[in-house]
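# Sequence below, structure please.
(one chain, ligands or ions: 1)
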Amino acid sequence: MRVIKVVKKMQTMARRWQSEKKRVSFVPTMGYLHAGHESLITAARRRVGRSGVVVVSIFVNPTQFAATEDLSRYPRNLEGDLAMCRRAGVDVVFAPSNEEMYPSETVEFSTYVSESFLSQSMEGISRPTHFRGVATVVTKLFNIVLPSVAFFGAKDFQQAAVLRKMVGDLNIPLTLVVAPTLREPDGLAMSSRNAYLTPTQRTQAVVLSQSITHARQRVQASPKFLLSKTLSKEIEHLIRQQPEAEPEYIEFFHPDTLVPVTKILRGHHIALAVRFGATRLIDNGPV
Ligand code: AMP
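Have a look, this model is predicted:
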């Protein structure tokens, strides 16, 4: 496995793969890798087989964090991440520095990619500059790694939707695959941010997946539709039973358009964000 930290080197290697007609399967991450990331890597390898190349990027992207957010305390463990990638059979880890991705020696970085419809709700309200940062860095990474296929997790459902739209709208020549959310045995979605939770908060955090299950059971048991106002209230109540949990949003929406629905039907989707002290967790699923 090779570790590349320089943009030009990564791009040169990617160009060579392209000229050799090698398929490149790409998994962008912010590191502090867990089994959820590993499942994307496994899917990435399965997609291109032994004759293809699997690239994982590890980069905690500053432009997707607001000034008030957890950029500086975001968990990092490059050595552990490299060990996991080696075990998982990754060919190349691309791990650039901030300076490599956003050089500032001349004029400050000033070109951004913004998706302006799917990015406006939910995470876009809580984190107004977040998706612009994500779309920008993912475009840069696509231009550096030149993948034929890229893998993202359903855990970040809105992110995957925004990126899928970006790939379509901008005719980016690759296939975007969204892989299922990997969960802990009690249902908590795996996330690098789970490392912030105190043991008490960790126990209470199971309420996110319980909320999704509750919503699904209620919708499946309803002969007609359920009002999202009613179900949101029930779920808010469920969340508030956990003393340290503070719900930020609970939203029901159509999975293709992300447009909120007032009447919930089977096949619609729930997404929620819950704070535990300074830690913010998100989850989602179909109902
Ligand atoms: P992150 O490092 O948190 O930016 O995540 C990198 C990629 O892994 C994103 O596409 C995430 O959606 C995906 N991911 C994160 N958590 C999970 C999980 N529990 N299961 C599957 N994929 C995940």
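# List phi and psi for Pro286.
Main-chain dihedrals, Pro286, degrees, to the nearest 10: phi -70, psi 150.
# That one touches Arg216, doesn't it?
Yes - assessed by Cβ atoms under 8 Å, Pro286 is found in contact with Arg216 at 7.3 Å. Using the backbone N, CA and C atoms, a C-beta is placed for each residue, glycine as well.
# who in the stretch 51-200 of the chain is up against the ligand?
Phe152, Gly153, Lys155, Asp156, Ala179, Thr181, Leu182, Ala189, Met190, Ser191, Ser192 (Cβ under 6 Å from any ligand atom).
# Give me the three-state assignment for the third one.
Of the three states, Lys155 takes helix under DSSP: H, G, I helix; E, B strand; the rest coil.
# show me the residues around the nearest residue to it once chain neighbours are set aside that make contact.
In space, and not counting its chain neighbours, Lys155 is closest to Thr181: 4.2 Å by Cβ to Cβ, 6 or more residues apart in numbering. Thr181 is in contact with Gly36, Gly153, Ala154, Lys155, Ala189, Met190, Asp283, Gly285, counting by Cβ atoms under 8 Å, 6 or more residues apart in numbering.
# shouldn't Asn61 be in contact with Val137?
Yes - judged on Cβ under 8 Å, Asn61 makes contact with Val137 at a distance of 4.3 Å.
# Now for these two: what residues contact both?
In contact with both Asn61 and Val137: Met101, using Cβ under 8 Å, 6+ apart.
# follow-up on the earlier one: pick the one among the contacts of Thr181 closest to Lys22.
Gly153 (24.7 Å; Cβ to Cβ).
# what about the closest one, how many residues close to it?
Residues near Gly153, counting by other Cβ atoms under 10 Å, number 22.
# what sits opposite it in the beta ladder?
Judged by DSSP bridges, the bridge partners of Gly153 are Ala179.
# Give the closest residue to the residue positioned nearest the centre of the chain in space, chain neighbours not counted.
The geometric centre of the chain, computed from its C-alpha atoms, lies nearest to Asp156 (Cα atoms, centre = their mean), at 3.9 Å. Nearest non-adjacent residue to Asp156, counting by Cβ to Cβ, 6+ apart: Ile282, 7.3 Å away.
# Go ahead and list the helix or strand containing the one you found.
strand 279-286 (DSSP states H and E).
# Please point out which parts of that strand sit buried.
Across strand 279-286, burial judged by 16 or more other Cβ atoms under 10 Å covers Thr279, Arg280, Leu281, Ile282, Asp283, Asn284, Gly285.
# Distance from that strand to the middle of the chain?
11 Å (Cα atoms, centre = their mean, to the nearest Å).
# How about stretch 128-147?
What separates the centre of stretch 128-147 from the centre of its chain is 12 Å, taken as Cα atoms, centre = their mean.
# Other residues contacting that stretch?
For stretch 128-147, the surrounding residues in contact (Cβ under 8 Å, 6+ apart) are 7, 10-11, 14-15, 17-18, 24-26, 28, 55, 57, 59, 61-66, 94, 101, 111-115, 119, 123-124, 150, 158-159, 162-163, 166, 170, 172, 174.
# next one: stretch 209-227
Counting contacts by Cβ under 8 Å, 6+ apart, the residues touching stretch 209-227 from outside are 183, 186-189, 231, 234-235, 238-239, 250, 252, 262-266, 268, 270, 272, 283-287.
# mind listing the strands in the stretch 51-200 of the chain by residue range?
53-58, 92-94, 149-153, 175-179 (DSSP state E, counting those that start in this stretch).
# Can you pull the phi/psi pair for the closest residue to Pro260 other than its chain neighbours?
Of all residues not flanking Pro260 in the chain, Phe253 sits nearest, at 5.0 Å (Cβ to Cβ, 6+ apart). Dihedral pair for Phe253: phi -160, psi 170, per degrees, to the nearest 10.
# What of Lys263?
phi -110, psi 120.
# Give the burial count for it, as a bare number.
11.
# Now do the same for the residue lying closest to it once chain neighbours are set aside: its pLDDT.
Spatially, and ignoring its direct neighbours in sequence, Lys263 is nearest to Phe225 (3.9 Å; Cβ to Cβ, 6+ apart). Per-residue confidence (pLDDT) for Phe225: 93.
# Now do Phe225: how many residues are near it, please.
14.
# any idea how far it is from Asp156?
Distance of Phe225 to Asp156, given as Cβ to Cβ, to the nearest Å: 27 Å.
# I'm done for today, thanks for sticking with me.
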